[in-house]
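Colleague: compute the structure for the input listed below.
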Amino acid sequence: MKFTKYLKINMYSPYKYHYLDYKLLSKNINMDTEKYKELINQEITRIRSFINTKIQEIKKSKKKVKKLCKEMKEFAEFVRINVVGFKRILKRKDKKSNTFLYKMYKKELNKILKSVDNLSEIIYKTSKEMTINTTSTNNNLCFVRKTDKYWVHPNNVNSVKFLVLRHLPLYVFNNIYDHKIHDTNISSVYFDNTEYSLYHDRLKKLQNSEAIRIRWYGTDDNIVFIERKRHEDSWTGELSKKLRFKLYETKVYDFITGGNVWEDVKELNGDNEDIKILYDEIQNTIVNKKLIPMVRTCYKRVAFQLPNDSTVRISLDTDLCMIKENFEPTKRSWRRDNIKYLSKNELVKFPYAILEVKTQCAEEDKPEWIINMTNGCLVEHVHKFSKYLHGMSVLYPKINEIPYWLPQMTTKILKDPFEEETGYKEFDNNQVLIDIEASEHNTESTLLNPVDTSNKRISIPVKVEPKVFFANERTFLSWVQFAIFLGGIGTAMLGMEIDKAMVGGVILIGVSIVFAFYALYLYLWRAGMIRRRESGPYDDKYGPPVLVCVFLFAMFLAVIFKFPLKKII
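Modeller: Next up, the predicted model:
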C-alpha cells in the first residue's frame, strides 16, 4: 500500500491534525527547490512544536499507569511515522529533481526521532508507581524456564518499552528509579582458541559445549565475574547452567595463565567447595585448551519483571557492539585498554536491539500480551541468537561455518506494510554491519562492508528429541536380540552328539559374538553422530544383508544336522 493509505490507517485520532501533510508535499513535489525547502521547513517546525508541547504534557500528566504507557506508545509511533514520511518525500524529491535535500535534513529528522528518548524519566517514575501498586501472582508451580530472543528495529525500541511497561515494571535492585543507574552497561570478554573449538561446539549446540567469559557491569571493573555457560541437551533431563565467581581485575591475567589466585577468589566468594570446583574446572579448561580472549561485547540492558515473581522476565539490550580482542602476554594484558582508535575490521556495531523473553510457565498459560507482542510487527524472532557466536563469525573471517541468522541480516525487519510495495528501506540491505564510530544513533549510520557468506557453511539449529535416542536404542536391542538368537542356536547345536553339529554350533556362537560387538559399535557411532547433530548418513549398508545371509546359513546348518544326509554308494 502507498504511504498515504498507510498513514490514514495508522493515524492516531487524537493527533490527526498534527501529522505531516503528505498529500500537500506530494502535490508540490515538482516545485522549485528553494520554495519546496520552505514548505518542508514549515511542516517540520509545526510537527516539532507539537512534539515538544506533547512531551511536556506527558511529563506533567497525572494519568494512571496503563493509560500513560498507552499514550507514550502512540506518541512514539506518531514521531516515527512522521520522520519516515519526511524521509520518503525527500528521497522522492531528490530522485525527481536531482537534489540532495535528504542529506540536508537527515540530522534534523534524526533529532526529532531521538526526542522520544526524553521520556526515559517518565518510564522510571511510572515503573516505580507500578511496582508499588502491583502484587505478585506467582503460584510457585515448577516449570522449566524458556528463553526466546528477538531483534527489534531501532525505530521500534521505544514502542516495545512502552508496551512492556504496561504489564511489567522495571526490574531494580534498590529503591532508586534512575535510568542512569538501571540502564546497565554490560561488558563481556569471551574466550576461545585459534582453532575456534568452543565456537564450533556452541554453534552446533553439542552436549556439554561451553562458553567461558569475563563480565563486568558499568565502568567499575575493579571486580569482575568469571563465568561458564554449559549447554545440556533436553534428552539428558538436565538444564543448561550459568555458574560464576568474583575475581579482582588485577588477578585475571594470573588466573587465565594458570597462576594460583585461589586466596583472592576465596576472599571475595567465601571458602565454598562448589566455587573451588568451578574455579579449578574453568582454569583447567582455559589452560588445557589454550583459550585466550577473542571477542568483547558491550551493550546497555534494561530489564522488566514483577518483584518476587519470576514467571516473566524481559530484558532489552541496545547499542550492542563487538570488539576483536588482542591478547598480549608480554604486556600481561588480557583485554584492550583503549578501544577508541580501532580499525573497522576490529570493531562493529549490531544494527538492532535484542529483546529476550524468559517465561516460567506452561506454553498455554503464557500471557496473551506477550503472544501478541512477539507475533506482531515490532519484533523479529531469531531462534537461539548468540552475541558471542555473531561476534566471532563476523570478526574472524577464517571461520568457515557461520550461524544461520547471519545471511538473514540482509533482510530488513522493519515491517511497515507500505514499504513492501514501494521498496523503501530504512537499512541498506546490501550491507550488514554498522560502523561503531558513527556519531549518530540511528538506522542509517555509516555501514561496514557486508560479511562474505558465499563460501561459508551455514549452521542450521537442530533440536535433538529424546525419541531419536530411544529409536537408536531400540535398533541396538534388535541387533542384540538377533545375536542372542544365533547364540542360542549355536548352544543347542553344541548339545548334539554329532561332531559336525558341534563345529556348526561353535561357528554360530562366534558369529553371534561378532554381531553383538558390531551392534554395540553401530549404537555408539549413531549416538555420537546424533549428539554432534551431523546430517548423516545414518543408514547401515552392509549389516542387514550380512545378517540375512548368516540367518539363512544358520537355518541351513540346523536342517542339515537335524536330518543328516545319507552317504550315496
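Colleague: how near is residue 33 to residue 539?
Modeller: Residue 33 is 70 Å from residue 539, where distance means C-beta to C-beta, to the nearest Å. Where C-beta positions appear, they are placed from N, C-alpha and C, glycine not excepted.
Colleague: which strand or helix spans the nearest residue to residue 295 once chain neighbours are set aside?
Modeller: Distances taken as C-beta to C-beta, 6 or more residues apart in numbering put residue 391 closest to residue 295, at 4.2 Å, once the chain neighbours are dropped. Using DSSP states H and E, residue 391 sits within helix 387-395.
Colleague: I figured the residue nearest to residue 295 was touching residue 293, is that so?
Modeller: No - using C-beta atoms under 8 Å, residue 391 makes no contact with residue 293, being 12.0 Å away.
Colleague: who touches both of the two?
Modeller: residue 190 (C-beta atoms under 8 Å, 6 or more residues apart in numbering).
Colleague: which one of these two is surrounded by more residues?
Modeller: Shown here are residue 391 and residue 293; by other C-beta atoms under 10 Å, residue 391 has more neighbours (25 against 22).
Colleague: show me what contacts that one?
Modeller: 190, 295-297, 322.
Colleague: how is the protein divided into domains?
Modeller: Segmentation of the chain into domains, based on automatic domain parsing, reads 3-121, 134-459, 466-562.
Colleague: what would these look like in JSON lines with mean pLDDT?
Modeller: Shown next, in JSON lines, are those (pLDDT from 0 to 100):
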{"stretch": "domain 3-121", "mean pLDDT": "85"}
{"stretch": "domain 134-459", "mean pLDDT": "79"}
{"stretch": "domain 466-562", "mean pLDDT": "79"}
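Colleague: the residue nearest to residue 295 and residue 502: what is the separation?
Modeller: For residue 391 relative to residue 502 (C-beta to C-beta), the value is 69 Å.
Colleague: before we move on, which element is the most centrally placed residue in the chain in?
Modeller: A centroid search over the chain (C-alpha atoms, centre = their mean) returns residue 385, at 1.7 Å, as the residue closest to the centre. Assigning secondary structure by DSSP H and E places residue 385 outside every helix and strand.
Colleague: which residue comes closest to it once chain neighbours are left out?
Modeller: residue 149 (4.4 Å).
Colleague: ok, residue 312 next?
Modeller: residue 359 (5.6 Å).
Colleague: pretty sure the one you found sits against residue 371.
Modeller: No - Residue 359 is beyond contact range of residue 371, at 10.4 Å (criterion: C-beta under 8 Å).
Colleague: these two: which has the busier surroundings?
Modeller: Ranked by neighbour count (other C-beta under 10 Å), residue 359 and residue 371 place residue 359 first, with 21 against 11.
Colleague: identify each buried residue in stretch 269-289, please.
Modeller: By neighbour count with 16 or more other C-beta atoms under 10 Å, stretch 269-289 contains the buried residues 269, 275, 278-279, 282-283, 286, 289.
Colleague: next step: those residues restricted to helices.
Modeller: 269, 275, 278-279, 282-283, 286 (DSSP state H).
Colleague: which of these sit farthest apart?
Modeller: 269 and 286 (18.0 Å; C-beta to C-beta).
Colleague: alpha carbons of the helix or strand where residue 199 lies, in CSV - could you do that?
Modeller: Under the criterion of DSSP H and E, residue 199 resides in helix 197-203. Output in CSV follows, covering the C-alpha atoms of helix 197-203 (Å, rounded to 0.1, in the frame of the first residue of the first chain):
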residue,chain,number,x,y,z
SER,A,197,36.8,-25.1,19.1
LEU,A,198,34.5,-23.5,21.7
TYR,A,199,32.8,-21.5,18.9
HIS,A,200,32.1,-24.6,16.8
ASP,A,201,30.9,-26.7,19.7
ARG,A,202,28.5,-23.9,20.8
LEU,A,203,27.4,-23.3,17.2
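Colleague: from now on call the first residue 7
Modeller: Sure thing, new numbering starts at 7, so read that last one as helix 203-209.
Colleague: now the very next helix or strand once past it against helix 393-401, angle please.
Modeller: Going down the chain from helix 203-209, the next helix or strand is strand 216-223, by DSSP H and E. Here strand 216-223 runs at an angle of 100 degrees relative to helix 393-401 (axes from the mean of the first three to the mean of the last three C-alpha atoms, to 10 degrees).
Colleague: buried sites along strand 216-223?
Modeller: 216-222.
Colleague: distance from the chain centre to that strand, please.
Modeller: 16 Å (C-alpha atoms, centre = their mean, to the nearest Å).
Colleague: hey, C-alpha coordinates of that strand in CSV?
Modeller: What follows is strand 216-223 as a C-alpha-only set of coordinates in CSV (Å, rounded to 0.1, in the frame of the first residue of the first chain):
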residue,chain,number,x,y,z
GLU,A,216,30.9,-24.4,27.0
ALA,A,217,31.2,-20.6,26.7
ILE,A,218,33.7,-19.0,29.1
ARG,A,219,33.7,-15.3,29.6
ILE,A,220,34.7,-12.5,31.9
ARG,A,221,31.9,-10.0,32.6
TRP,A,222,31.7,-6.7,34.4
TYR,A,223,28.9,-4.1,34.9
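Colleague: one step back: of residue 39 and residue 545, who's got more company?
Modeller: More neighbours surround residue 39 than the other of residue 39 and residue 545, with 13 against 8 (other C-beta under 10 Å).
Colleague: so how many other residues sit close to the closest residue to that one other than its chain neighbours?
Modeller: Nearest non-adjacent residue to residue 39, counting by C-beta to C-beta, 6+ apart: residue 105, 5.4 Å away. Look at residue 105: counted by other C-beta under 10 Å, it has 15 neighbours.
Colleague: can you tell me the SS state at residue 105?
Modeller: Three-state call for residue 105 (DSSP: H, G, I helix; E, B strand; the rest coil): coil.
Colleague: so it makes contact with residue 111?
Modeller: No - with contacts counted by C-beta under 8 Å, residue 105 stays clear of residue 111, the gap being 11.1 Å.
Colleague: show me where the stretch 207-356 of the chain has strands.
Modeller: Along the stretch 207-356 of the chain, the segments classed as strands by DSSP state E, counting those that start in this stretch run 216-223, 229-236, 247-254, 298-311, 318-330, 353-355.
Colleague: export the fifth one to PDB, keeping only CA atoms.
Modeller: Going back to what we said before, that points to strand 318-330. Output of strand 318-330 as PDB, limited to C-alpha atoms (Å, rounded to 0.1, in the frame of the first residue of the first chain):
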ATOM      1  CA  VAL A 318       8.000 -13.500  33.200                       C
ATOM      2  CA  ARG A 319      11.300 -11.600  32.900                       C
ATOM      3  CA  ILE A 320      12.000  -9.400  29.900                       C
ATOM      4  CA  SER A 321      15.300  -7.700  29.000                       C
ATOM      5  CA  LEU A 322      16.100  -5.300  26.200                       C
ATOM      6  CA  ASP A 323      19.700  -4.800  25.000                       C
ATOM      7  CA  THR A 324      20.600  -1.800  23.000                       C
ATOM      8  CA  ASP A 325      23.700  -0.200  21.500                       C
ATOM      9  CA  LEU A 326      25.400  -3.700  21.100                       C
ATOM     10  CA  CYS A 327      28.900  -3.500  19.700                       C
ATOM     11  CA  MET A 328      31.500  -6.200  19.300                       C
ATOM     12  CA  ILE A 329      35.300  -5.800  19.600                       C
ATOM     13  CA  LYS A 330      38.100  -8.100  18.400                       C
END
